[in-house]
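Asks: the amino acid sequence is not available; the structure is as follows:
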């Protein structure tokens, strides 16, 4: 999953980013409302964490403009303003949830997971294709009954492919949704990580179909070989 944090308090923003990355999320951070709106309207995110009090374009305006442009990414407003009228104003602007500072990181994480499971994807916490399962809460990956150990980046890549199972994803789509905006990505990075996944998901399971497929000139997908 990829998350955008729009928060002008650098300490809070960087703390959220660090905590979410430890949970295997890809996180982009911006400290400006204008930059945040530009990123939210031009990049694909699973959840947006949005501060209400921003110096150039406030959170309410960002919500309104994103919804007017038919961008339905779930938005969690994060702010020090806890009065009922402020909450109502934020939700009426198009936000999906509201969390008041100070907050417990565990609650923020739970709300992010709840937002990511809403009907936009309607996949729930366990993603499954054939006998391959990935639990987005426990981070457990199995093929059949055998548990598979993945690195954080491998887990993020497999989660993205499973969320788009049966659909071809280009290298650019994968990079934009699995790696941070400022990550140092080499031309063959995606190929390398696809190789890592194949070595753990497909190669050890002789007699079972390969599930991680390459479509030359197009990209990659989770699917069956006889459906390529």
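Replies: That came in fine, so what should we check first? Here the structure is a predicted model, which means the values were calculated and not measured.

Asks: and the residue nearest to residue 143 when sequence neighbours are not counted, how close does it get to residue 46?
Replies: Leaving out its chain neighbours, the residue that sits closest to residue 143 by C-beta to C-beta, 6 or more residues apart in numbering is residue 132, at 5.1 Å. To be clear about C-beta, it is placed using only N, CA and C from the backbone, and glycine gets the same treatment. Residue 132 is 21 Å from residue 46, where distance means C-beta to C-beta, to the nearest Å.

Asks: same deal with residue 223?
Replies: In this view, residue 223 and residue 46 are 22 Å apart by C-beta to C-beta.

Asks: for residue 102, same thing?
Replies: The gap separating residue 102 from residue 46 is 25 Å, by C-beta to C-beta.

Asks: between the two, which has more neighbouring residues?
Replies: More crowded of residue 102 and residue 46, by other C-beta atoms under 10 Å: residue 46, with 21 against 7.

Asks: who's in contact with the more buried one?
Replies: By C-beta atoms under 8 Å, 6 or more residues apart in numbering, the contact set of residue 46 is 1-3, 73-74, 116.

Asks: rerun that using 6 Å as the cut-off
Replies: Applying C-beta atoms under 6 Å, 6 or more residues apart in numbering to residue 46 gives the contacts 1-2, 116.

Asks: just residue 136 next, same as before
Replies: By C-beta under 6 Å, 6+ apart, residue 136 lies in contact with residue 125.

Asks: apply 8 Å and report the result again.
Replies: Residue 136 makes contact with 1, 113, 116, 125-127, 159, according to C-beta under 8 Å, 6+ apart.

Asks: for residue 144, same thing?
Replies: Neighbour list for residue 144: 131, 205 [criterion: C-beta under 8 Å, 6+ apart].

Asks: helix or strand with the lowest mean pLDDT in the chain?
Replies: helix 84-92 (a mean of 70; mean pLDDT, DSSP states H and E).
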